[in-house]
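> please work out how this folds:
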Amino acid sequence: MKAIQLTAPTIDALTLIDLPCPQPGAGEVLIRQHAVSLNYLDLALATGQFGAISQPLIPGADSAGEIVELGAGVSGWKPGERVVPGMMSSWHAGEIRAEHHHALRGVTHNGGMAEYAVVSAASLVRIPEFLSWQQAATLPIAATTAWNAIVRANIQPGSIVLLLGTGGVSLFALQYAKAAGARVIILSSSNEKLAKVKALGADEGINYREDPEWDERVWQLTDGRGADLVLESVGASTFAKSINAAAYNGTIFVIGFVGGSELKLPVLPIMQKMLNIIGNNTGSTANLRAAVRAIETCRIQPDIDRVFAFDETQEAYRYLQSAGHVGKVVIDLSE
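Here you go, the predicted model:
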């Protein structure tokens, strides 16, 4: 089978090779993978920002495919079913525990960047019929993360949601929030990107380069209320402003560190506003199933910015690195 291996912490080390097809063991299934979507996690791993890796590694935390073979003891599944595997393959439900970090697709174990993969049957979720392979591949990390943010912040009609950027998680959060009846404000450094997300349903957009005091602008737009949910996808460089932009009793849902991972925070406004600062680590299979159920119920269409062929994997990573995308970057394994 064709596969991409990462042999060193550099995008140049993503190499297309031939490997033997794996075989499923007890409790596992073999899936034929059709598409992979890229996340910042994949980029961080390939550029040495995520610590040491087990090399060589097949990267790719997110993929979509069809079951072709069942391992011993697997029930409730059959060949031909369209599925996505959860990224944290041993976290099936409930609260996260330390041992759930031992099995991460595309990080500690081989991931989606191959024609075939063996995955735990317990980590699988069925794909809604109306989604393409490319759309389905965006679900495990981005959709689950966005869904968890909406649920944990108790977003409902009249809530105000602030999204920092126009990446895949933000676009899912936009669509979930609008389906819940919320008002959505999005930040970007590009007026062109802001025009795109407004066409997708965003209520207001703020260009943070033109308006660097964007936290104050959020207060103006909300008549002094602030945002009930701030999806903090940047990290250290924006965190203080996110605290200022948040409403009293609001939630700051922390999902990224592209802007730095070391924080120096003003404690007083966190106390005064009684803010909920919640870290997120993707989610369990049950979280993924709930996110997909909401997508199916609301007929949400995952937004894909650009699709690359299998032999264009390095170009896909560099495109994600350029931060020029609105929505998800996908690699089609059949091309």
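> which stretches in the stretch 1-150 of the chain count as strands?
2-6, 14-18, 28-38, 62-70, 82-85, 116-120, 124-126 (DSSP state E, counting those that start in this stretch).
> of all the residues in the first one, which ones are buried?
So the one you mean is strand 2-6. Buried residues in strand 2-6, counted by 16 or more other Cβ atoms under 10 Å: Ala3, Ile4, Gln5, Leu6. Quick note: C-beta positions are derived from backbone N, CA and C, even for glycine.
> okay if I get these as JSON lines plus distance to Ala240 and pLDDT?
As requested, the buried residues of strand 2-6 are arranged in JSON lines below (distance: Cβ to Cβ, whole Å; pLDDT from 0 to 100):
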{"residue": "Ala3", "distance to Ala240": "43", "pLDDT": "97"}
{"residue": "Ile4", "distance to Ala240": "39", "pLDDT": "97"}
{"residue": "Gln5", "distance to Ala240": "41", "pLDDT": "96"}
{"residue": "Leu6", "distance to Ala240": "35", "pLDDT": "94"}
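> closest to Tyr319 among those?
Distance ranking of those against Tyr319, using Cβ to Cβ, places Ile4 first at 15.5 Å.
> now that closest one: closest residue in space, sequence neighbours ignored.
On the basis of Cβ to Cβ, 6 or more residues apart in numbering, the spatially nearest residue to Ile4 that is not a chain neighbour turns out to be Met113, at 3.9 Å.
> surely the one you found touches Ser37?
No. Under the criterion of Cβ atoms under 8 Å, Met113 makes no contact with Ser37, lying 11.0 Å away.
> so what's the residue count around the residue nearest to Ile4?
28 (other Cβ atoms under 10 Å).
> and if you look at Gly327?
23.
> same check on the one 3 residues further on?
For Val330, the count of nearby residues is 27 (other Cβ under 10 Å).
> right, and it touches Val36 too?
Yes. At 7.0 Å, Val330 counts as touching Val36 under the criterion of Cβ under 8 Å.
> ok so Ala286 is a helix residue?
Yes. Assessed by DSSP: H, G, I helix; E, B strand; the rest coil, Ala286 belongs to a helix.
> excluding chain neighbours, give the residue nearest to the most centrally placed residue in the chain in space.
Residue closest to the mean C-alpha point of the chain, counted by Cα atoms, centre = their mean, is Ala142 at 2.2 Å. Spatial nearest neighbour of Ala142, excluding adjacent residues (Cβ to Cβ, 6+ apart): Gly168 at 3.8 Å.
> just the pLDDT for the one you found.
With respect to pLDDT, Gly168 scores 92.
> please shift the residue numbers so they start at 832 in all later answers.
New numbering, starting at 832: the last item is Gly999.
> any residues in contact with both of Val1161 and Val867?
Ala968 (Cβ atoms under 8 Å, 6 or more residues apart in numbering).
> how much space separates the residue nearest to the centre of the chain from Leu1099?
Ala973 sits 34 Å away from Leu1099, going by Cβ to Cβ, to the nearest Å.
> what is the one helix or strand Leu994 maps to packed up against?
Assigned by DSSP states H and E, Leu994 belongs to strand 991-995. Contact here means 3 or more Cβ pairs under 8 Å, 6 or more residues apart in numbering; DSSP states H and E; on that basis strand 991-995 packs against helix 999-1010, strand 1014-1019, strand 1058-1063, helix 1070-1076.
> who touches the longest one?
This points to helix 999-1010. 868, 870, 969, 972-974, 976-978, 980-981, 986, 990, 992, 994-995, 1015, 1017, 1028, 1031-1033, 1060, 1062, 1064, 1086, 1122, 1125, 1129, 1131-1134, 1157-1160.
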